[in-house]
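K.L.:
just coords:
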């Protein structure tokens with residue numbers, strides 16, 4: 001019984017994913033959330049310079 005429920009759940013999730021691909025085929029995957037600054041090695045949040053390099057004026 002439990003195995004049937006799990007199998008049906010997985011099939012429904014697969015069907016939802018296929019329908020999502022049909023309606024939005026050109027969706028871009030999510031980008032990496034955090035990169036590292038090449039100058040100082042601290043984490044960069046967003047597209048601008050890292051906070052430590054911006055404060056130092058590098």
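P.N.:
It's in. Note that the coordinates shown come from a computational prediction; the quantities given were computed from them, not determined experimentally.

K.L.:
now do the helix-or-strand element of the chain with minimal mean pLDDT: distance to the chain's middle.
P.N.:
The helix or strand of the chain with the poorest confidence is helix 51-56; it has a mean of 76 (mean pLDDT, DSSP states H and E). Distance, stretch centre to chain centre, for helix 51-56: 26 Å (Cα atoms, centre = their mean, to the nearest Å).

K.L.:
can you tell me what sits against that helix?
P.N.:
37, 39-40, 42, 45, 48 (Cβ atoms under 8 Å, 6 or more residues apart in numbering). Placement of C-beta: from N, CA and C, glycine included.

K.L.:
just the buried ones from those residues, in ChimeraX syntax?
P.N.:
Here is the ChimeraX command that picks out the buried ones among the contacts of helix 51-56, judged by 16 or more other Cβ atoms under 10 Å:
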select :37
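
K.L.:
biggest separation within the contacts of helix 51-56, which pair?
P.N.:
39 and 45 (15.5 Å; Cβ to Cβ).

K.L.:
before we move on, the earlier item: of the contacts of helix 51-56, which belong to strands?
P.N.:
When the contacts of helix 51-56 are checked against strands (DSSP state E), there are no matches.
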